[in-house]
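J.: below are the sequence and a predicted model; questions follow.
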Amino acid sequence: MAENAGKAGTAWAETDTGPNESHQASFDFVIVGATGDLTMRKLLPAFFERFRMGQIADDTKIIGVARSDLSVEVYRERARSALSEFSASFASDNKDAEKFLELVHYVSLDASDTSAEWRPLETLLSVNPQRVRVFYVATAPKLYVATADAIADHGLITATTRIVLEKPIGTDFVSARAINDGVGRHFAEEQIFRIDHYIGKQTVQNILALRFANPILERVWNADSIAHVQITATETVGVGKRGPYYDTAGALRDMVQNHLLQVLSLVAMEPPTALSAMDLRDEKLKILRALKPMDKVSIASDTVRAQYVAGMVDGKRVDGYLEDLGSDASNTETFLAIRAEIRTTRWAGVPFYLRTGKRMAHKESEVVIEFRPQPWAIFKDTPEPNRLVLRIQPDEGVSLSLSSKDPLAEGFRLRDVNLDVSYIKTFGTRYPDSYEDLLMAVVRGDQVLFIRRDEVQASWRWIEPVLDGWAENVRPMETYPAGSRGPASADELLRDDGFVWKEKT
Ligand SMILES: NC(=O)C1=CN([C@@H]2O[C@H](COP(=O)(O)OP(=O)(O)OC[C@H]3O[C@@H](n4cnc5c(N)ncnc54)[C@H](OP(=O)(O)O)[C@@H]3O)[C@@H](O)[C@H]2O)C=CC1
Ligand SMILES: O=C1O[C@H](COP(=O)(O)O)[C@@H](O)[C@H](O)[C@H]1O
């Protein structure tokens, strides 16, 4: 196992991040799963963006690996057409586009089979054995351990080698631990980069800035002032071509175990001592461990699960989940809502509501912090509660609703007004895709944006009883029309506590 391969203790503030990074890196980056959806739609466009910004040197190698028997030329053509489709800058930047494609290589290989022909990959990597080497495993999680075994068998793990694991890490606690143990046999934890692309979003990282750089917020960030928290991530898309994967996962595994629990832990954690990977992840972990375990009673009362049926999205008729899947039956949820509790002094008695779904009315990811009402009312009108909304996407920004005197009304009437900041307008910049930051952080060896093994396992520990309860039908499956807000029982979950979901206006 190699030592000193990462920078787990490095403070975030000391490293360069973001599109303005000036350092130019040379590295060998092997993508296992190079013909897949993720590589074509996200990884190659992210690399191209950072290449044209001058952050990737011309002698870097991006080596695609998959079993398909393709020549380098054919693979580059596929990469070209993917970039034309998924990278806004590719078509307009011909010079950089051609130079970037020269960085791209391809090796046909079953990476989970140690007895396969590894020599072409070994040869490509042998040119610069000292430089940073990354294996990004973008295949099914069941192949992660065999792939790590094979990489190790072929002696390809150097002191500066890292492995990136895509989510989901397993399908439950035991399989997650098996992956962590299996990959951990060859790679030190400092070499393992578990991706959660929500953490790569600038607006998710900004939760830290809002909370810990603004004392005005941090002073009221607790159960004394906050009535409840909503974390929503809804999409208008259905499962598309990912049906076979999605049907074995469902919304709980696909979105909550990773993305929503990561957002929750950033919203709820105590201030870390420093912005280092260790300090930040220690604090997130404490929150994941403080989540009140779900039992059959709370699963029945505090969870909602549902599947979309045919409906209208953006004015177009769309199929239901079963038609998308091409199946007669499925017990997989495409929507869920959960009431969670965090057992800490800061959060005692504050419900955290999580909601996610496919084929919903809007694409929107946001955190809503609703503050407690005035203890004594002096106005005729009951003021609306103050709400701080952290808009993760789209229309990235932050808003705070305040009650104000209505200048047009007779008498002293209250009206809601919004202090609203659009980050795009304010900073006058595009919001980079989350994979850009994440890929460059792996190259730097900065783990602050990645998930530690104990975080993954703690998330599964909380999720698993819900999966089990649902498998026993403790909370029956419902349906909702595509393009809707989900089932009415998701509203009841909040109504029982005297709250409502904040909807897009
Ligand atoms: N797509 C997405 O938006 C997201 C995906 N992920 C995760 O990323 C991973 C990849 O997803 P996605 O790209 O959608 O999957 P795809 O099914 O589209 O692609 C899988 C890729 O793996 C290759 N592959 C399969 N087996 C092997 C093997 N033994 N050796 C080498 N290559 C192999 C396939 O090519 P070939 O058949 O030629 O070998 C193909 O290139 C999954 O774990 C997924 O959960 C996570 C977040 C989002
Ligand atoms: O990881 C995943 O995330 C996407 C949603 O990501 P977003 O950045 O568009 O919010 C989701 O569509 C996919 O099912 C899931 O695997």
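T.: Received the coordinates, thanks. Ligands and ions are numbered 1, 2, ... in the order given.

J.: CA atoms for contacts and neighbours, from now on please.
T.: Will do.

J.: which stretches of the stretch 151-300 of the chain form helices?
T.: 173-184, 202-212, 215-218, 243-251, 261-268, 277-290, 296-302 (DSSP state H, counting those that start in this stretch).

J.: and the first one, how far out from the chain's middle?
T.: Looking back up the chat, that one is helix 173-184. Chain-centre distance of helix 173-184: 20 Å, with CA atoms, centre = their mean, to the nearest Å.

J.: that helix close to ligand 1?
T.: No - using CA under 6 Å from any ligand atom, helix 173-184 stays clear of ligand 1, coming no nearer than 12.4 Å.

J.: buried set for that helix?
T.: For helix 173-184, burial by neighbour count (16 or more other CA atoms under 10 Å) applies to 173, 175-177, 179-180, 182-184.

J.: that helix - contacts with which helices or strands?
T.: For helix 173-184, the contact count by 3 or more CA pairs under 8 Å, 6 or more residues apart in numbering; DSSP states H and E identifies helix 144-153, helix 453-471 as packing neighbours.

J.: which residues does it contact?
T.: 141, 144-145, 148-149, 169-170, 453, 456-457, 460-461, 464 (CA atoms under 8 Å, 6 or more residues apart in numbering).

J.: closest to ligand 1 out of those?
T.: When the contacts of helix 173-184 are ranked by distance to ligand 1 (CA to the nearest ligand atom), Pro141 comes first, at 5.3 Å.

J.: from ligand 1, how far out is the residue nearest to the spatial centre of the chain?
T.: Centroid-nearest residue in the chain, with CA atoms, centre = their mean: Tyr198, separated by 2.7 Å. Look at Tyr198 and ligand 1: by CA to the nearest ligand atom, to the nearest Å, they are 10 Å apart.

J.: once you drop chain neighbours, what's closest to that residue?
T.: Leaving aside its sequence neighbours, Tyr198 sits nearest to His259 (CA to CA, 6 or more residues apart in numbering; 5.7 Å).

J.: so what's that neighbour up against?
T.: If you count contacts by CA under 8 Å, 6+ apart, then His259 has 196-199 around it.

J.: and this protein, what are its domains?
T.: What automatic domain parsing lists as the domains of the chain is 12-194, 202-495.

J.: show me the one of those that comes nearest Lys502.
T.: Nearest to Lys502, of all the domains of the chain, is domain 202-495, at 7.5 Å by CA to CA.

J.: picking up where we left off before, the helices of the stretch 151-300 of the chain into CSV, with extra columns for distance to Ala159 and mean pLDDT?
T.: Listed next are those as CSV, based on distance: least, CA to CA, whole Å; pLDDT from 0 to 100:
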stretch, distance to Ala159, mean pLDDT
helix 173-184, 15, 97
helix 202-212, 29, 95
helix 215-218, 41, 94
helix 243-251, 34, 94
helix 261-268, 29, 98
helix 277-290, 20, 97
helix 296-302, 46, 98
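
J.: Ala482 is nearest to which of those?
T.: helix 243-251 (15.1 Å).

J.: give the buried residues for that closest one.
T.: 243, 246-247, 249-251.

J.: ok, stretch 338-353 next?
T.: 338-344, 346-347, 349-353.

J.: next, give me the two most distant ones among these.
T.: The farthest-apart pair in the buried residues of stretch 338-353, when distances are taken by CA to CA, is Ile338 and Arg346, at 20.2 Å.

J.: quick check: residues of the protein near ligand 1?
T.: 32-39, 65-68, 109-112, 138-141, 166-168.

J.: and the buried ones among those, selectable in ChimeraX?
T.: The ChimeraX selection below is limited to those of these classed as buried (16+ other CA under 10 Å):
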select :32,33,34,35,39,65,66,109,110,111,112,138,139,141,166,167,168
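
J.: go ahead and confirm Lys142 touches Ile169.
T.: No - using CA atoms under 8 Å, Lys142 is not in contact with Ile169, being 9.0 Å away.

J.: one step back: neighbour-wise, which one of the contacts of His259 leads?
T.: Tallying neighbours with other CA atoms under 10 Å puts Ile199 at the head of these, with 24 neighbours.

J.: need the contact list for that residue.
T.: Going by CA under 8 Å, 6+ apart, the list of residues near Ile199 reads 205, 259, 262-263, 434, 449-450.

J.: nearest to Leu103, of these?
T.: Nearest member of those to Leu103, counting by CA to CA, is Ser434, at 21.6 Å.

J.: ok, and the closest non-adjacent residue to the closest one?
T.: Once flanking residues are discounted, Ser434 sits nearest to Gly200: 4.3 Å by CA to CA, 6+ apart.

J.: distance check, the residue nearest to Ala148 when sequence neighbours are not counted against ligand 1.
T.: Nearest residue to Ala148 in three dimensions, chain neighbours excluded: Val183, at 5.7 Å (CA to CA, 6+ apart). Distance, Val183 to ligand 1, using CA to the nearest ligand atom: 15 Å.

J.: let the chain start at 51 from now.
T.: All set: I'll call the first residue 51, so the last point we hit is now Val233.

J.: how near is Val233 to Leu489?
T.: Val233 is 20 Å from Leu489, where distance means CA to CA, to the nearest Å.

J.: same deal with Trp168?
T.: 24 Å.

J.: out of these two, name the residue with the larger neighbour count.
T.: Leu489 (22 against 18).

J.: restricting to C-alpha, output stretch 522-540 in CSV.
T.: Extracted in CSV, the C-alpha atoms of stretch 522-540 (Å, rounded to 0.1, in the frame of the first residue of the first chain):
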residue,chain,number,x,y,z
GLU,A,522,-41.9,-5.7,4.1
ASN,A,523,-44.5,-3.1,2.9
VAL,A,524,-44.5,-1.3,6.2
ARG,A,525,-45.2,1.8,4.1
PRO,A,526,-47.1,0.9,1.0
MET,A,527,-46.1,2.2,-2.4
GLU,A,528,-48.3,4.9,-4.0
THR,A,529,-48.4,6.4,-7.4
TYR,A,530,-48.2,10.0,-8.8
PRO,A,531,-48.8,11.4,-12.3
ALA,A,532,-45.6,12.4,-14.1
GLY,A,533,-45.3,16.2,-14.0
SER,A,534,-47.0,16.5,-10.6
ARG,A,535,-45.7,17.4,-7.1
GLY,A,536,-45.8,13.8,-6.0
PRO,A,537,-48.4,12.1,-3.8
ALA,A,538,-50.6,14.1,-1.4
SER,A,539,-49.2,12.0,1.5
ALA,A,540,-45.9,13.9,1.1
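
J.: just the pLDDT for the residue nearest to Ser484.
T.: The model reports Gly250 with a pLDDT of 93.

J.: repeat for Ser158
T.: As predicted, Ser158 sits at a pLDDT of 98.

J.: what sits against it?
T.: 115-120.

J.: in CSV: those, plus secondary structure and pLDDT.
T.: Output for the contacts of Ser158, formatted as CSV (DSSP: H, G, I helix; E, B strand; the rest coil; pLDDT from 0 to 100):
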residue, secondary structure, pLDDT
Val115, strand, 98
Ala116, strand, 98
Arg117, coil, 97
Ser118, coil, 97
Asp119, coil, 97
Leu120, coil, 97
